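**Q** No letters, just coordinates:
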């Protein structure tokens, strides 16, 4: 598996809500998809197409109704909550639209949080790594600042640094620029680009901004719970 | 299973959350502190009061009294084949000596859980002075032993603590009634064709009206001859190390000596009932205060769990397990209980100090260290228990919904 660089593979993935009840709705109708280490992909689609549901299922926050998710070659459907939490913590980084930092903690503590949750008190190596990541997102001088004193773009950059602290194989982002002005959005997008280039992790961005998806290497189009197109953007720089 | 190194993060999160919601944390801690202060102060007050009452009661009586067994009628068995109807009056109990009291007293001296043994002759008499006639109780004793039971030297008001060779001690109220003072003479009459003229060596005040009106202390031998019990004693007074063990020890000594043993607990049943009722009402107050404190903590943490829904979702998405979220909230409950009880205990020390310094001054309240430690532990435990419901709710949150929560 690792020879092909496969990070994520979906097989006949279905997701229904209210399973077994009269108001059962199937949101994802059997998806097959593979994402490799080299992918910088966007997932686009109209509202209600199931983008966020798919992202939650891929991120092991939610369970599929049927089908299988292979993360780094490991099937995940049989795992319990603790197992999925552990795998999620070690191999997936999340960035959300509303950045979602823990308000009570400083920027660097937020960046360290995923490590603290799995390993306890961070050691020197971990702190050094967090500082390095903050430097990479250009916020080293705000390391001890509380999120409430940072701008939206700065908070989103802290969230990206947090997503990278565990050196995840896959970075998932749900409308990461949806809440930012155009210039800041561009800067954050460039940061994703750089992370992908320099750290070699697969990136999957959920967006409904066509300009953003046009700048990605690959565009996956989801409509009504089905993948209607999946192509490489030749115009984008490789 | 849970490495202490990993718990560090739960502590850091719990403290971070409490510090962020500072106003809430302070308010509920003050609430807990008030509850704890009330509990500690009331407990210390009641314990101090009860210790004082018991000390006063036992200051003027022996812990255990050994008396000669009651005399019973012996009914001869009727010859077989006869129906026997008995109409029996109980015998009048005459004043009599305990058999073999020297040996019994020597044996009791060896018992490890008795602290003092004092044989006493006690019986009724009249005191005459001029036209005045008062009924009194003669108590003939050996001062060396008796003072270990009742520290008479503490209660002396006039004269000297001296008995023997016609010297007696009388109570202050009796002295008033008879209009006598130290150095005056009295005539003692026991109705046994025995009278004696004695000299008042000292006047005491035990603080119990009945005793101060009626007690006349005199030498053991003189009392024996006055009461016509040569060489005998009627009572053996005992004290024990642990006063609340008195009833058990009384039973044991009673079996050992086949004498009638009465502990102070038996002879002061009403007092003991009152103390028990008082303890019960104190415990009720404590339980209800503890319940209201617990509900206070629970409601604050419930609100906090709802306010932090999104942050809980984020923690779950970045690798926190349900157990970790649970522990973060349980620790918050424990910390609120601990913090509140520390403040409350400091406050209760203040209340006790105020009471001891400016209060009515009837008695002194100590604050036992065990009370402080137990209160700290119980308050912390209450905090954890109160946090159980909100913690479980926080841990059960679905991360997907939690993140979307606005």
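**A** Right, received. Where do you want to start? Since the model is a prediction, treat every value here as computed from it, not as a measurement.

**Q** Run through the neighbouring helices and strands of the helix or strand containing residue A:213.
**A** Residue A:213 is located in helix A:210-214, with elements delineated by DSSP states H and E. Secondary-structure packing of helix A:210-214 (3 or more Cβ pairs under 8 Å, 6 or more residues apart in numbering or on different chains; DSSP states H and E): strand A:40-44. Glycine gets a C-beta too; all of them are placed from N, C-alpha and C.

**Q** Now the element after the strand it packs on, going C-ward?
**A** Sequence order places helix A:51-58 as the next helix or strand after strand A:40-44, per DSSP H and E.

**Q** near chain B, anything from that next one?
**A** Yes. Using Cβ under 8 Å from any Cβ of the partner chain, we find that helix A:51-58 touches chain B at residue A:56.

**Q** Partner strands of whatever helix or strand comes next after that helix and their direction?
**A** Sequence order places strand A:66-71 as the next helix or strand after helix A:51-58, per DSSP H and E. Next to strand A:66-71 in the sheet, as set by DSSP bridges, lie strand A:6-17 (antiparallel), strand A:74-75 (antiparallel).

**Q** Identify the bridge partners of residue A:9.
**A** With DSSP bridges as the rule, residue A:9 is bridged to residue A:34, residue A:70.

**Q** Next one: it from chain B, what distance?
**A** With the distance defined as Cβ to the nearest Cβ, to the nearest Å, residue A:9 ends up 22 Å from chain B.

**Q** tell me the contacts of that residue?
**A** Neighbour list for residue A:9: A:33-35, A:69-70 [criterion: Cβ atoms under 8 Å, 6 or more residues apart in numbering or on different chains].

**Q** Quick check: residues of chain A near chain B?
**A** Residues of chain A lying near chain B (Cβ under 8 Å from any Cβ): A:56, A:59, A:61-62, A:81-82, A:85-86, A:88-90, A:94, A:96, A:100-105, A:109, A:113-114, A:116-121, A:162, A:166.

**Q** Next one: the residue of chain B found nearest chain A from residue B:139, what distance?
**A** In chain B, the residue that lies nearest chain A is residue B:319 (2.5 Å; Cβ to the nearest Cβ). From residue B:319 across to residue B:139, the span is 82 Å (Cβ to Cβ, to the nearest Å).

**Q** Domains in chain B, by residue range?
**A** B:4-56+B:272-404, B:101-258 (automatic domain parsing).

**Q** my guess is residue A:102 meets residue B:315, correct?
**A** Yes. Applying Cβ atoms under 8 Å as the test, residue A:102 and residue B:315 come out as touching, 7.2 Å apart.

**Q** In terms of neighbours, single out the busier of these two.
**A** Using other Cβ atoms under 10 Å in any protein chain shown as the criterion, residue A:102 and residue B:315 rank with residue B:315 on top: 26 against 23.

**Q** What's the local residue count around residue A:124?
**A** A count of neighbours around residue A:124, defined by other Cβ under 10 Å, yields 7.

**Q** Ramachandran angles for it?
**A** The phi and psi torsions at residue A:124 (degrees, to the nearest 10) take the values phi -60, psi -40.

**Q** In chain A, which residue sits nearest chain B?
**A** residue A:89 (2.5 Å).

**Q** Next, the contact list for residue B:378, please.
**A** Applying Cβ under 8 Å, 6+ apart, we find residue B:378 in contact with residue B:290.

**Q** got a pLDDT number for it?
**A** With respect to pLDDT, residue B:378 scores 89.

**Q** What about it? Give its phi and psi, please.
**A** phi -70, psi -40.

**Q** what does the one 3 residues further on give?
**A** Residue B:381 adopts backbone torsions of phi -60, psi -40, taken as degrees, to the nearest 10.

**Q** For residue B:388, which of the strands paired with strand A:66-71 is the nearest?
**A** Among these, strand A:6-17 comes nearest to residue B:388, with 30.6 Å by Cβ to Cβ.

**Q** rewinding a little: export the strands paired with strand A:66-71 to CSV and append columns for mean pLDDT and distance to residue A:46.
**A** CSV is the format used below for those (pLDDT from 0 to 100; distance: least, Cβ to Cβ, whole Å):
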stretch, mean pLDDT, distance to residue A:46
strand A:6-17, 85, 17
strand A:74-75, 86, 31
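
**Q** what's the most buried one of those strands?
**A** Burial of the strands paired with strand A:66-71 is given as mean neighbour count (mean count of other Cβ atoms under 10 Å in any protein chain shown); strand A:6-17 ranks first at a mean of 19.

**Q** now that one and helix A:51-58, what's the angle there?
**A** For strand A:6-17 against helix A:51-58, the angle by axes from the mean of the first three to the mean of the last three Cα atoms, to 10 degrees is 120 degrees.

**Q** now strand A:6-17, how far from the chain's geometric center?
**A** The chain centre lies 15 Å from the centre of strand A:6-17; the measure is Cα atoms, centre = their mean, to the nearest Å.

**Q** Up against chain A, what does chain B have?
**A** Within chain B, the positions adjacent to chain A are B:3-9, B:12-13, B:16-17, B:19-20, B:310-311, B:313-324, B:399-400, B:403 by Cβ under 8 Å from any Cβ.

**Q** swap the cut-off to 6 Å and go again
**A** B:5-6, B:8-9, B:16-17, B:20, B:311, B:314, B:317-321, B:399-400 (Cβ under 6 Å from any Cβ of the partner chain).

**Q** hmm, which of those residues are the buried ones?
**A** Among these, those classed as buried by 16 or more other Cβ atoms under 10 Å in any protein chain shown are B:6, B:9, B:16-17, B:20, B:311, B:314, B:317-321, B:399-400.

**Q** Just the ones of these in strands?
**A** Among those, none falls in strands (DSSP state E).

**Q** Distance to residue B:44 and pLDDT added to these, as a markdown table?
**A** What follows is these, written out as a markdown table (distance: Cβ to Cβ, whole Å; pLDDT from 0 to 100):
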| residue | distance to residue B:44 | pLDDT |
| --- | --- | --- |
| B:6 | 40 | 64 |
| B:9 | 39 | 87 |
| B:16 | 36 | 91 |
| B:17 | 34 | 89 |
| B:20 | 36 | 87 |
| B:311 | 42 | 86 |
| B:314 | 47 | 86 |
| B:317 | 50 | 83 |
| B:318 | 48 | 83 |
| B:319 | 48 | 82 |
| B:320 | 43 | 86 |
| B:321 | 44 | 86 |
| B:399 | 49 | 81 |
| B:400 | 53 | 79 |
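
**Q** Relative to residue A:184, which of those residues is nearest.
**A** Taking those together and measuring to residue A:184 by Cβ to Cβ, the closest member is residue B:314, at 21.0 Å.

**Q** Let me know the secondary structure of the nearest residue to the closest one once chain neighbours are set aside.
**A** The shortest distance from residue B:314 to any non-neighbouring residue, by Cβ to Cβ, 6 or more residues apart in numbering or on different chains, is to residue A:100 (4.5 Å). Per DSSP: H, G, I helix; E, B strand; the rest coil, the local secondary structure of residue A:100 is coil.

**Q** Quick one, grab the pLDDT at residue A:100.
**A** For residue A:100, the predicted pLDDT is 78.

**Q** Chain A: strands as residue ranges?
**A** A:6-17, A:25-36, A:40-44, A:66-71, A:74-75, A:92-95, A:170-174, A:202-206, A:218-223, A:226-232.
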